[in-house]
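Can you look at this prediction? I've put the sequence above it.
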Amino acid sequence: MVMDVKEVYQQLEEMMEKEVVLQGWIRNHRKQKEFGFIDFNDGTFFKNVQLVYDQSLSDFEEIQKLRVGASLEVRGKVIESPAKGQAFEIHVLDWKLLGDCPENYPIQPKRHTREFLREQAYLRPRTNLFGAVFRVRSVTAMAIHEYFQSHNYIYVHTPLITTADCEGSDQMFKVTTLDMDHLPKNEGHVDMSKDLFGKQAYITGTGQLHGEAFAMAYKKIYTFGPTFRTENSNTKTHANEFWMIEPEIAFCDLNGLMDIEEEMLKYVVRYVLEHCPEEMDFFDQFVEKGLKEKLNKLLDSSFVRISHHDVVDILKKADVKWEFEPDYGEDIAKEHERYITEYFNSPVFITDWPKDIKAWYMKVNADGKTVAAVDLEVPGAGELMGGSQREEDYDKLMKRMKEMDIDEDTVDWYCNLRRFGGCYHSGFGMGFDRLLMYITGIENIRDVIPFPRTPGNCDY
């Protein structure tokens with residue numbers, strides 16, 4: 001029976017001196033005159049298995065011709081390894097070539113730059129680094145689901161195609177079935193009534209509005225899926241297609257929301273540390289020195305809670321020459337985020353932001369100047385989550401929308417949630433890919449997304 005490499009590692013004591021059948025790929029092949037060693041991996045475990053063969057094989061000359069990248073089926077005996085650093089190896093009894101690989105295979109057993117590997121995105125999961133990254137991506141996704149499911153949240157699949165303008169239509173991709181070479185016109189404008197949906201539609205930038213509708217029925221829901229933005233930004237932290245986690249919770253105020261954010265983040269980090277020890281050791285050694293210490297420190301921290309106004313007070317008093325001067329009515333810059341987390345030596349919740357720089361659906365505070373919004377800043381990464389208490393008062397929401405020139409017709413159903421048994425409620429969003437950057441120490445978002453979509457890059 002064919003086994004996974006992970007199963008051999010997990011059941012090693014009982015597998016010693018027994019025969020196993022494995023299927024996988026050659027990562028490296030070191031040939032000697034009378035024997036050879038193959039580093040073998042099937043993708044189920046971070047570590048390779050060393051296959052050892054010698055001249056006792058009838059097809060010894062053929063196995064010596066095998067190249068890196070080829071796929072094999074191997075039958076062999078699990079034996080104790082005399083080599084340091086590995087508990088066992090597999091003595092090959094017979095083998096079968098399943099898929100050959102040419103000499104010019106791009107992923108050779110040497111150090112490749114991450115830039116080069118981005119150009120080989122369809123092959124890079126076969127490297128140690130990206131094999132670890134995308135396994136941790138899978139485990140982190142599982143941790144998110146387990147946290148919310150174990151806390152009685154409903155997982156909601158919100159639409160990817162929407163007519164609701166939440167983030168601003170200038171940031172959203174447009175969807176149409178119209179012929180771009182022969183657009184129907186009505187008084188000089190494109191006649192969207194001829195489109196499949198009869199109106200302008202977008203690829204979603206958030207599942208929040210639809211999530212709120214379900215929170216008004218299920219109390220606690222979360223969405224977890226792809227979102228899209230048209231930002232023409234080439235920074236290390238921006239992509240045009242990325243995944244978001246967006247919980248919405250009824251009967252929850254801003255303080256309750258921060259409790260959930262802190263609990264969820266700690267749960268996910270702890271889960272990954274426990275379930276991916278080999279990968280996390282690798283990241284700690286080769287990607288970001290001190291990564292595990294950073295993450296364990298987060299687990300032991302009590303997150304600070306401070307208003308935007310008080311943060312600006314601290315920044316203005318700091319003996320620092322800022323590139324961007326902090327201001328009470330403005331957003332804070334990356335340098336400010338870094339300073340404030342170092343100042344408290346802890347993750348920091350920044351609350352009560354100026355209303356003029358925040359979204360229309362956020363609850364305006366009693367002062368009339370700020371909204372009940374919160375951003376979570378973490379050491380070494382900056383903003384990781386953003387959320388708010390949503391405005392539950394219909395009249396106040398309508399007034400706010402008029403102030404911000406929001407088209408009521410596109411979100412009338414959303415506003416009606418306030419009329420039909422509404423309640424106070426809150427929610428937040430966390431970029432899944434930025435969370436992965438924080439957990440793995442990877443500095444570029446392009447290296448935690450399997451096939452990244454960024455300005456000028458939509459390959460594969």
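It's in. The model shown is predicted, which means the values in this text are computed figures rather than measured ones. Numbering: from 1, shown residues only.

so for stretch 77-87, what's the average pLDDT?
The average pLDDT within stretch 77-87 is 89.

Quick one: classify the residue nearest to Phe349 when sequence neighbours are not counted as helix, strand or coil.
Of all residues not flanking Phe349 in the chain, Arg305 sits nearest, at 4.5 Å (C-beta to C-beta, 6 or more residues apart in numbering). To be clear about C-beta, it is placed using only N, CA and C from the backbone, and glycine gets the same treatment. Recorded secondary structure, Arg305: strand (DSSP: H, G, I helix; E, B strand; the rest coil).

pLDDT score assigned to Arg305?
pLDDT, Arg305: 98.

show me the contacts for it.
Met258, Val348, Phe349, Thr351 (C-beta atoms under 8 Å, 6 or more residues apart in numbering).

Contact partners for the third one?
For Phe349, the contact set (C-beta under 8 Å, 6+ apart) comprises Met258, Glu261, Glu262, Phe303, Val304, Arg305, Ile306, Val374, Asp375, Leu376, Glu377.

How many neighbouring residues does Lys174 have?
11 (other C-beta atoms under 10 Å).

gap between it and Asp191?
15 Å (C-beta to C-beta, to the nearest Å).

Give the closest residue to Thr223 in space, chain neighbours not counted.
Here the residue nearest Thr223, using C-beta to C-beta, 6+ apart, is Gly207, at 3.8 Å.

was I right about the one you found contacting Ile245?
No - counting by C-beta atoms under 8 Å, Gly207 does not reach Ile245; the two are 9.7 Å apart.

can you list residues touching both of the two?
With C-beta under 8 Å, 6+ apart as the test, Gly207 and Ile245 both reach Thr223.

more neighbours, the two?
Between Gly207 and Ile245, counted using other C-beta under 10 Å, Gly207 has the larger neighbour count: 28 against 23.

pLDDT value on the more buried one, please?
Gly207 is given a pLDDT of 93.

Now do the helices in the stretch 101-250 of the chain.
114-118, 128-150, 208-218 (DSSP state H, counting those that start in this stretch).

which residues touch the longest one?
To tie it back to what came earlier, the one meant is helix 128-150. Contacts for helix 128-150 (C-beta under 8 Å, 6+ apart): 41, 43, 46, 114, 117, 124-125, 155, 220, 222, 224, 245, 247, 264, 267-268, 271-272, 275-276, 278-280, 282-283, 286-287, 432, 435-436, 439-440, 442, 447-448, 450.

same thing but 6 Å
Outside helix 128-150, the residues that touch it by C-beta atoms under 6 Å, 6 or more residues apart in numbering are 46, 124-125, 222, 245, 264, 267-268, 271-272, 275-276, 279, 282, 436, 440, 448.

ok, of these, which come out buried?
Among these, the ones that count as buried by 16 or more other C-beta atoms under 10 Å are 46, 124-125, 222, 245, 264, 267-268, 271-272, 275-276, 279, 282, 436, 440, 448.

In helices, which of those fall?
Met264, Tyr267, Val268, Tyr271, Val272, His275, Glu279, Phe282, Leu436, Thr440 (DSSP state H).
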